[in-house]
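J.: Fold the following.
(one chain, ligands or ions: 1)
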Amino acid sequence: MQNMPLIDHFGLIAPYYDRVIRLQSKEKLIALAGVSNGGRLLDAGGGTGRVSQTLRELMDAIVIMDESMGMLRQAKNKGGLETVCSKTELLPFESQTFDYVILVDALHHVTNQQQTISELWRVLKSGGRMVIEEPDIQKPSVKLIALFEKLALMRSHFLSSREIVALFDKYPSARIHVEQEGFNIWVVAEKQPSI
Ligand SMILES: C[S@@+](CC[C@H](N)C(=O)[O-])C[C@H]1O[C@@H](n2cnc3c(N)ncnc32)[C@H](O)[C@@H]1O
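T.: Residues are numbered from 1 along each chain as shown. Now for the predicted structure:
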C-alpha cells in the first residue's frame, strides 16, 4: 500500500491498545452523532474498534476502516464489525454510503487531512453526520503528547478546532458545530440535504 508510515507504530501496539487507551464515554459520541436506531456507520481510522464496538447494538452495520492490518485484526476478533483495510485519503466506498462517519483520535495521524475530509464527506449520505474527535492541542498535556509522537517518528499533525472547521470550507452543505470538554474537541458536520 502506498504512503504507509515508516514504522508501523499501530501494528506494534495493536494487541495492547484497548488496555492502554481506555474509552472515557460513549454517550458523548452517541449524542453528537445523533445516533438513534439503525443505519450504517463508518469508523474511519477506527483501529481495534475500541470505540465503535460499544455502538454495535445501535447500528445496522459498522465498518471499521484503517490502514493498519494489525489494528484491524483486533477489531475482527471482536465480532459484529466489518473491517476494511484502506487509507482515509482514498476510500473504496460508493458516494453516500454511510449515515454516520466517525473519526476518533485519528485526524492528526493521517497523511493528508484535507483529502481525508473530502473522502469522508463524499461517502457520507445527505442528511448524515460526521463526528471528528481530537485531542485539544491548546492543552499543555496534549502539546507534550504531540512532542512525544514527533520523537517517536510518528507523522502526527494536530489541528486546532478552527483549523478542522476550515477543512469544511468548500462544502456549503456542511452545518458545523464545535464542542470542547476536558482534553478533547469535537467537530460535528451535518450534511444538509440539498433543496
Ligand atoms: C490513535 S489510533 C485511534 C484508533 C481508534 N479511532 C480509537 O480511537 O481507538 C489512530 C488510527 O488511525 C489509523 N490511521 C492513521 N492514518 C491513517 C490513514 N491515512 N488511513 C487510515 N487509517 C489511518 C492508524 O492505523 C490507527 O489505527
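J.: Who does the lengthiest strand in the chain pair with, and is each partner parallel or antiparallel?
T.: If you go by DSSP state E, the chain has its longest strand at strand 124-135. Taking DSSP bridges as the criterion, strand 124-135 forms sheet pairs with strand 98-104 (parallel), strand 184-191 (antiparallel).
J.: Of all the ones you listed, which one comes closest to Ser25?
T.: Nearest to Ser25 among the strands paired with strand 124-135 is strand 184-191; the distance by C-beta to C-beta comes to 10.3 Å. In short, each C-beta sits where N, CA and C put it, glycine included.
J.: Please work out the average pLDDT along the closest one.
T.: When pLDDT is averaged over strand 184-191, the result is 96.
J.: For it, which outside residues touch it?
T.: Residues external to strand 184-191 that are found in contact with it (C-beta atoms under 8 Å, 6 or more residues apart in numbering): 28, 32-33, 121, 124-136, 161, 164-165, 168, 171, 173-180.
J.: Likewise for stretch 12-30?
T.: 10, 47-48, 50-51, 54-55, 58, 68, 70-71, 73-74, 102, 104-105, 131, 133, 181-182, 186.
J.: Surely Asp105 is in contact with Ile132?
T.: No: look at Asp105 against Ile132 with C-beta atoms under 8 Å: they stay out of range, at 9.7 Å.
J.: Which of the two has more residues huddled nearby?
T.: The neighbour comparison of Asp105 against Ile132 (other C-beta atoms under 10 Å) goes to Ile132, with 28 against 16.
J.: Distance of the more buried one relative to the ligand?
T.: Applying C-beta to the nearest ligand atom, to the nearest Å, the value for Ile132 to the ligand is 11 Å.
J.: Give me the pLDDT for that residue.
T.: Here, the pLDDT recorded for Ile132 equals 97.
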